[in-house]
Each structure stands twice: as C-alpha cells, then as structure tokens.
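> Return a 3D structure for these sequence lines:
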Amino acid sequence: MGDQRVDNALTALVEILVPSLNDEDAASLDERRDDALALAKDILETHPKSSVVPDVNHIADIIKRKLQLNRDRDTEEADRVSQLLPRLLEQPVLNHKWAILSLLNELADLDSVEVNALALNGHRPRGGSPHNGRRAGPLNTSSQEQHHPRAPENPLSTNGLPQMPTRDTRPSRARGTLGDVRRRSPSRNEPAVTTPDLKEEGESDIMKMTKPTEATLLHDLPFTLQGLSTTYLPFPSRSTLKLPPLLPLPVISLLHTLAEPSLLYRVLSDFVESRDEGLVGQSLRSAIGMELRSYLGLLATLEGEIRRAIATVNPEEPRGGIGKAGVTLKRCVVWTREATMGLRLMSLMAEEAKSRKGGQLITMIHSFSSSHGDPFVAVFAERMLTKVTRPFYDMLRQWIYNGELSDPYHEFFVHEPSPKHDGSGPIDPRRAPATSVWEDKYKMEVDMIPSIITEEFARKVFLIGKSLNFIRYSCGDSSWVEAYCKDASRELHYGDTATLETSIDKAYKTTMARLIDLMDNKFRMFEHLRALKKYLLLGQGDFIALLMESLASNLDRPAGSQQRHTLTAQLEYAIRGSNAQYDSPEALRRLDARLLDLSHGESGWDVFTLEYKVDAPVDVVITAWASKEYLVVFNFLWRIKRVEFALGSTWRRCMTGARGVLATIEDNQSKDWKLARCCIAEMIHFVNQLQYYILFEVIEASWDQLEAATTKPGATLDDLIEAHTAYLKAITHKGLLGSARSSATGSREDSFFTSQLHHILKTMLAYKDVVDGLYSFSVAEFTRRQEKNARLETGTAKGRRGLADDDDLHSPSPNLAAAAKPLLNPNPNGISRAESPFPISTGALAATTAADSTDAILSALRLRLGELSKDFRTRVNVLLGDLMVQPDADMKFLGVVMNFNDVYTPRKRRRERAGKQPPGTVREREREGEKGKGKEGEGGKEEEAKDGEKE
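Take a look at the predicted model:
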C-alpha cells in the first residue's frame, strides 16, 4: 500500500514538473515523463540513509538559533517558529516531522548566490534529466558540504548528533562508524558523490588557498582518527597523512601527535582483517579488534563533545570562541593519550606476531606484563592476555583431562612428531616400534612453553596427558579416562593460578596412581622383572644347576647337531625338577630356549641361550634394548657357570682318584697332581669370587635400588623406565661388561674387561682338558702297572721269572690315546690352535705316540699344564691391575677379594695405541722383549721368571 502511494505521488509530481512542449506528440511526452519517473525512483532507491539521529527538538533548536543570529530578519519570526513547532508536533498525520524540518533547514541555507551558480552551470537544483547525471538528485544534508565547503565561521553546519553504528558494522575505509560519513571529502580509493559543476582541481586549489581554522580541523578530526581521509587531512597512502600547509607550528605539532593514532589505527585495522593460521594468532586479532571497538567508542564520545562545542561557537570572537567551548586540539591530544599508548602497544604486538605463534606469542605479550615498569602497559597486557590465552587453556584442558592433543596449528608445547623416520640420523637402538607409544609418540618443545607457566609445571602437564593417552590406547582403559574427565574436568583461564596449580597437582597424582596400578596389577610388570632376574640373571640357583646338568651332554656336541625340541624338553624338565615350578604360569610360559646364529667350529655351549618374551604395554619398560642387555648378561653368566661346572667335575674326579687310582702312581706323578690340584683350586676360587661379585654385589645391590625407585610414593612410568635403565647399566658396567673405551676413530670397542675374562675362561677350560688328559694318562699308567703285576704273578705261578712276552706291555692303550687327545685335538673346547695362547708343535708328539712313548706324552702334558698355569696367572695379574685403577669402589673391592692373600702381583696395563689389541700371550710378550720396546716388557719378563722359580 505504501509503495503504491509513493508511485502515485511521483507520477502526479512528474506530470506537474514535466509539461508538454509545443508541437510535441503524446508518445514523446510519455517517454520524457517515463524517464523523469525512472529518475525519481532511482534517486529514492539510491538515496543513502541518514546517519544523523532523528531528533526533532535538536533540529528545532538549530532553526531557532539560526533565526536569532540572522540580524537581517525580525525576531518575530523566531517567536512565530516557536509557536508553530508545538502545533506541528501535535499533528498525527505527519510521520516524518524531523525530515520535514531538516529539509526546510537545508533549503534555508541555499541563498541566491548558490542558486545562481547552479543555474549558470546549466543545472537545476532539483530534478534534471537522466543524461545530466544520475547522482544530481534532490538536495540532501551532505551535498552542499561536499561540493561547496562553507566558510569556517559558520558553526551551524551540523544537523544533529551522529548516529552510532550498528553491531554488525565494522570500521573500514569505505564507511565510517562515527558521525555523518557523507560529510567527509571523497578519498582516493572511494568514488565521491560529486556534481558535474565542480571538479577536483577546484577543490585542491581551495585547500591550498584556504587556511583551515581550528574549528574546521576539529570537525574533521574524528574521521582522521578513524583513518578516513577528509578535505584538509587526507591519507595519500596507507602509512602517510598529509597535513595542510599554511598552519602555525604549534598546530602542526598537535596534528603530528594526533596523526600517530590515526596511522596506527589503519595498520591495526589491516592486521585484524588479515588471516592467520593459528588459534592464538586469531585470538590476538580478536582481542585487538575489541580494543579498536573501544577506541571507536572513545572517538564517538569525542565527536559528540566536538559537535556540541562547535554549535556554541561565536564567529565574532577570536578563534571563533573555540577556547571557551571546552574542546581544542590540545585537549583532544590529552584525551587520546592513553588510547595512543594502547594502539602503540598493540602495533608492537602485531609486528612481533608475524614471526611467533602459540606459546612464543603468549610469552611475548606476557613480557610486557611482567617486565615493564609502566603500570598502564602492565594492565593493558594483562587484559590482552586474558583474551589471547583462551585457545591455549582450551588445548591445556583437553590434554590434562582427555589425554588428547587438540592442536591443529602446532601452537602447544606438546607436539606429535611424524611416525616415519626421516633418515636424518641413526635410529636409537634403545627404541623399538612398540615403545614409541610412550617414548616417541609425543614430544615436548621447550621453546614453545609460555612464560606464564614454569618448565617444571609444563613437564608435569606433559606427563599427565601422555599418561592418559597411554592408559586409553595402550592399556585399553578408556572407560576410566572418560569417567575421570567427566568428574575432574573444569574450565581453565588466565589469572586463576591457584586453581590451575591445584587442578594440575590433583590430576597428576590421580593419573600416575592409576597408571602404576595398571602396570602392576593388570599387566604384572614387577612379576616380569622378578622372572627376568631369576632365569636370565641366574637368580634361581637350583633351576640353573639342574638345567646345566641335564644339558651338559647335549651341549658338548657341535652347534650344528643341536635340536630345538631337545633343548625345550630339557628346559621343561629343569622347571619341573626345581622350585621354578611354583612360579606364575604366565611367567613360565614366556620363558623359552633358543639357539643363536651358528658359526663354524662352535659347540652347543656357545649358541645356547634363554629368552623371556614380553609384549605391550610391558615392553615400554622392558624395551628391545633391555632384552638385548639381558641376553648379553645371561650369556656371560652362563659361560662362567659352565666353567664352574667343568672345573667342579674335574675337581671331584681328582679328589676321588686321589684315594684310588692316583694313590698307586705317586712315585712319578705326585708332583704333577699336586700342582694341578692347586691350580684348579685357584681357578675355582677365581670363578667363585667372580660369581659372588656379579650375583650379589652387582645384581642384588642394583635390584634393591630398582625396588626402592619403583615403590616410592608418587613414582611415574618415566621413573620406572629410568630406574630399569639404570639397573641394567649398573649390571653391565659393574659386571665387567660395560666399561667400553673409545678408539681413535670415535667408535666404541668391546670392553677390555670382557675380553680379558673371555681369555681367562678359555684358559681355564683348556687347563681342565689337559688335567682330564693327565687323569687319563694316570689311569692308563695304573692299568699298565696292574697288568704288569698280574703278568708277573702269573709267570711266578708258572715257575718263570720276569715276563714272558714283553711286547704286550708296549701295545697301544686306549687310555693313552685319551691322554694325548687334548694335545692333538686342533679345537679343544672351541679353542683353535691359532687362537690358543700356547700352540704346541704336535708333529714329534704324534710320532712318539705312534711308537707308544709314555714318557713323551707325560712330558707334553707337563709342558702344557705349566704354560696354561703361567698364562692364567699372567692374565689374572693384568686383570687385577686394571681393577685397581677403576673409579668404582665395588670393582676395586673385587680385586681385593681375589687377591686377599697377595698371591698375585697386579700389573698395570701398558697404554697401547688405539685399535691395537693389548698383548696377552707369552709369544707376543716374548716378541716385544726381543724388539726391546720399553722397560715394562723387561720388567714383565723378570716377573714371569720369578713366578716360574716360585713354582
């Protein structure tokens, strides 16, 4: 209905204003009227909405003041207007009373000079044809000020209070948020609402020739502070403000001060409208945008004060009486001082934000709050932090209550590295794919920790989230995590430090207690550690003794003849025959026997090993590296146990034979057996002291430390992993397995302690074989004598003296062949002739054995026993000398226990060049003595000579 009334009114108005011309037909008249009607509708549709508040009383006061100041008219007109206004306001028919009064006020401002100027240019102030310009429509409140700047002395240029922007509007260059935006001059990037009669050159000439007053500058100041170009204060570029020429220096100084917030506002507006791939960066833009809206609110208040001041200006007074109005440029500088400081601070933050993100950005803002002396800067930074840190605390909440990392832009100090190896460096052998869930799934970046929390606090947060994630996905207890999140979750925000610390401490204790409980009760982690100590570290003595006794006959055969099922059957037999049968079935199920990689010439003792299998999530503590360390320790202890078993068997045979077979041949072998028994006892003492040291001083002491670390209150899974790693390192280091030294090339060589013990154990086994050969020789000699006595008795009984057939006494004996076997065997107990410390030339021995020369065999056995005994003592002296210089007190104590009666003379190893093996054999030492290298070699030979004389 309203649109129809407007159309009818426009049609009637066009018919009146567009009369018919002479000699014009009806079609041409209708066409002209249709064009005029279209122009009128276009003007109404494109007419901008007024940004002035429709206040009837305000426009009435302006009209009254205008009539009172106009001396050309009688004061009766002002009184008459005062009488007519109440009557106008009482009319119910008129709905747009303010618009009517505003139109009348604008029409009153058009004097005859302006109308004539418009007429001379060929344009009418109203109407016009469509070809004369679509935008030259009816007069509005901005047209006159845009194209005909009024003299600065006229203070009544404003038509009302500025209309505040709606909530959905945003400050921009194209549209202002304060006052009537139409009042500003056209900017460079914005099409101006101009009429064809005035050109831009004319306006620039007017600006150069006109000296703006302070009232004019105050009128343009709110727009300038918004970064909008005005007639006298344009912005040629984004970072430049052009000041009018012809101004006194004090005014220029004030405008310079006011130009700073204008330019900073433009920069910050561009920063707010830019995009940032980061939640914290977006939050910073939002916080700056809110501060800019507060800044615009300040400008709105300032504009209101300026307009009220300009409305009361008297043009006849100096400076227009602007000083008495209460608003000046200097006061505007004072009123915008704090806002300028805020804009300056936000500009600095925006500049620093380009190279920072996440926690680094929060640290930068927090530095203004914690290390700046200006209270205004500290308070402003605290207000910014409250808004900027919201994404950070949301990520923190998800991490400590759900165990989930919600960080799409990598701004949190916890990050999830790529699971694929990038090939940039070697893979740590201590890490396996199964352990990556705990060790490598999440990492903490110290550089991304914001300064609002400490590094210790951040590590606690990191451990909480990692534990929750491990409980959810590796332990399969997601229901507990969900219940915990539902009960404990709460909002976190900046400033509430006490609540945050309380929440973190409570979450830390709850999470760690739950994780340790799952690892202990559900996955039996400590039970697995005890099983490893029993079976792989030889803690279950009866089981190891029975296993070795049952496997001895099988393991004496070559490695290629070993069968896996045979070893497994013997393992089960040892379990059923010892106290191991009472252990947990779960632990026994994981124990298995297997063979190592075969090598030519090895025996079953060298390839047999035990294996204990673990799976997730226990493999987080017992990693692949830890399993390998357990295997190394077991092989070393198994080798010592084998030597102890072999020496024990030989000792029992010697002690048994001393009361039987060996007692009858003491005339020519008593000294040999005495030396052999002393040397075997010496070797047994060495092995027993070594076993005692490793099993009790090293393993048991380290186990006590492991138990103390795992049972202490508040222990975490990281503490368990660290304690278990320290436990294995202590065993390998103090157990003479891990004291590695570096070569000249930087690579790590095998432990020289391990190498020394390996050679000593081989010497013991070789000595054991020679003693067995001597025992076989003694048994053969005993048998020969028994046979001789029997023959003598038989001959005497027959009446003959002496032996009837002496040749039978020189026949080969199987016991003599067994006695010569350790001398002729090229690989006794896995020791080749080249590897043996004392290779013997066996050609002559073979010739003599063929001739059945018992004296040659006995001499060879005596020589072999002496050489092996001397080599054993030499190696033990070197080992004791190396133990004396070790920094560890337990290792020094091992040397003291082995040499408690000073029977050995410890020797310090001469420093060798990197990569060269230390001299260990007699032949090498003799070669060095011949070359005459150093006095130590001569001293060593003298000591060996003394040892030989003592023996």
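> Let me know the average pLDDT across stretch 576-585.
The pLDDT scores in stretch 576-585 average 90.
> Identify the residues contacting that stretch?
524, 527, 531, 534, 535, 540, 542, 543, 546, 574, 575, 588 (C-beta atoms under 8 Å, 6 or more residues apart in numbering). Any C-beta I mention is one placed from the backbone N, CA and C, and that applies to glycine too.
> in what helix or strand does the residue lying closest to the last one once chain neighbours are set aside lie?
Right, residue 588. Closest residue to residue 588 apart from its sequence neighbours, by C-beta to C-beta, 6 or more residues apart in numbering: residue 575 at 6.2 Å. If you go by DSSP states H and E, residue 575 is part of helix 564-576.
> Number of residues surrounding the residue nearest to residue 588?
Residues contacting residue 575 under the criterion other C-beta atoms under 10 Å number 20.
> can you give me the strands for the stretch 301-450 of the chain?
414-415, 443-444 (DSSP state E, counting those that start in this stretch).
> Would you list the strands that the last one pairs with, along with their directions?
Taking DSSP bridges as the criterion, strand 443-444 forms sheet pairs with strand 414-415 (antiparallel).
> Backbone dihedrals for the closest residue to residue 869 other than its chain neighbours, both of them.
Distances taken as C-beta to C-beta, 6+ apart place residue 679 nearest to residue 869, at 4.8 Å, with adjacent residues excluded. The phi/psi pair for residue 679 (degrees, to the nearest 10) reads phi -70, psi -40.
> all strands of the stretch 451-600 of the chain, in order?
Listed in chain order, the strands of the stretch 451-600 of the chain (DSSP E, counting those that start in this stretch) span 591-595.
> Equivalent analysis for the stretch 751-900 of the chain, please.
Using DSSP E, counting those that start in this stretch, strands in the stretch 751-900 of the chain do not occur.
> Need the winner for burial among the strands of the stretch 301-450 of the chain.
Comparing those by mean neighbour count (mean count of other C-beta atoms under 10 Å), strand 414-415 ranks first with a mean of 18.
> And the contacts of that strand?
399, 405, 407, 442, 443, 444, 445, 448, 461, 462, 465.
> Next, work out how far apart the closest residue to the first one other than its chain neighbours and residue 441 are.
Once flanking residues are discounted, residue 399 sits nearest to residue 465: 3.9 Å by C-beta to C-beta, 6+ apart. Distance from residue 465 to residue 441, counting by C-beta to C-beta, to the nearest Å: 11 Å.
> These two - which one has more neighbours?
In this view residue 465 and residue 441 are compared by other C-beta under 10 Å, and residue 465 has more residues nearby, 24 against 17.
> is it true that the residue nearest to residue 399 touches residue 403?
Yes: between residue 465 and residue 403 there is a contact at 5.3 Å, judged by C-beta atoms under 8 Å.
> Distance check, the residue nearest to residue 614 when sequence neighbours are not counted against residue 721.
Distances taken as C-beta to C-beta, 6+ apart put residue 622 closest to residue 614, at 4.8 Å, once the chain neighbours are dropped. Applying C-beta to C-beta, the value for residue 622 to residue 721 is 10 Å.
> So if I had to pick from the two, which one is more boxed in?
Taking neighbours as other C-beta under 10 Å, residue 622 and residue 721 compare with residue 622 leading, 22 against 18.
> Give me the three-state assignment for the more buried one.
coil (DSSP: H, G, I helix; E, B strand; the rest coil).
> which ones are touching it?
Taking C-beta under 8 Å, 6+ apart, one finds 528, 529, 532, 614, 724 in contact with residue 622.
> Go again with 10 Å.
Residue 622 sits next to 435, 525, 528-529, 532, 612-615, 630, 721, 724, 728 when contact means C-beta atoms under 10 Å, 6 or more residues apart in numbering.
> Using TSV, lay out those together with pLDDT.
Formatted as TSV, the contacts of residue 622 follow (pLDDT from 0 to 100):
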residue	pLDDT
435	51
525	90
528	93
529	93
532	93
612	92
613	91
614	90
615	88
630	93
721	91
724	93
728	92
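> between the residues you listed, which is closest to residue 639?
Taking C-beta to C-beta as the measure, residue 639 lies nearest residue 630 of those, at 15.1 Å.
> What about residue 688, how many residues nearby?
14.
> Give me the pLDDT for it.
Per the predicted model, pLDDT is 92 at residue 688.
> any idea how far the residue lying closest to residue 695 once chain neighbours are set aside lies from residue 758?
Residue nearest to residue 695 in three dimensions, not counting chain neighbours: residue 538, with 6.7 Å by C-beta to C-beta, 6+ apart. Counting by C-beta to C-beta, the separation of residue 538 from residue 758 is 18 Å.
> now swap in residue 684 and tell me
Taking C-beta to C-beta, one finds residue 684 at 18 Å from residue 758.
> of the two, who's got more company?
residue 684 (17 against 14).
> Pretty sure that one sits against residue 764.
Yes: between residue 684 and residue 764 there is a contact at 9.2 Å, judged by C-beta atoms under 10 Å.
> Give me the common contacts of those two.
Shared contacts of residue 684 and residue 764, counting by C-beta under 10 Å, 6+ apart, come down to 643, 644, 647.
> what's the neighbour count on the closest residue to residue 91 other than its chain neighbours?
Closest residue in space to residue 91, ignoring its immediate chain neighbours: residue 97 at 7.7 Å, by C-beta to C-beta, 6+ apart. The criterion is other C-beta under 10 Å. On that basis, residue 97 has 16 neighbouring residues.
> try residue 341
So residue 341, with other C-beta under 10 Å, has 15 neighbours.
> And for residue 34?
12.
> Repeat that for the one 3 residues further on.
A total of 17 residues lie near residue 37 under the criterion other C-beta under 10 Å.
> again with residue 597
Residue 597 has 7 neighbours, counted by other C-beta under 10 Å.
> Repeat that for the one 10 residues further on.
The local packing of residue 607 (other C-beta under 10 Å) involves 20 other residues.
> wait, isn't it in contact with residue 554?
No: Residue 607 lies out of contact with residue 554 (C-beta under 10 Å); the separation is 11.6 Å.
> which residues are common contacts for the two?
562, 567.
> Now do the contacts for the residue nearest to residue 399.
395-396, 398-405, 412, 414, 442, 507, 511 are the contacts of residue 465 under C-beta under 10 Å, 6+ apart.
> Need the buried ones from the residues you listed selected in PyMOL.
Buried subset of the contacts of residue 465, written as a PyMOL selection, criterion 16 or more other C-beta atoms under 10 Å:
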select buried, resi 395+396+398+399+400+401+402+403+405+412+414+442+507+511
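> just the contacts of residue 465 now: which is nearest residue 734?
Among the contacts of residue 465, and counting by C-beta to C-beta, the member closest to residue 734 is residue 442, at 34.1 Å.
> From residue 615, how far off is that closest one?
22 Å.
> what about residue 891, how many neighbours?
22.
> Same question for residue 625.
Applying other C-beta under 10 Å, I find that residue 625 has 16 neighbouring residues.
> Tell me if I'm right that it and residue 728 touch.
Yes: here residue 625 reaches residue 728: they are 8.5 Å apart, a contact under C-beta under 10 Å.
> now the helices for the stretch 401-550 of the chain?
436-439, 455-473, 478-488, 497-517, 525-535, 541-555 (DSSP state H, counting those that start in this stretch).
> May I see the buried residues of the strand or helix carrying residue 672?
Assigned by DSSP H and E, residue 672 belongs to helix 666-692. Residues 669, 672-673, 676-677, 679-680, 682-684, 686-687, 689-691 are the ones in helix 666-692 that count as buried (16+ other C-beta under 10 Å).
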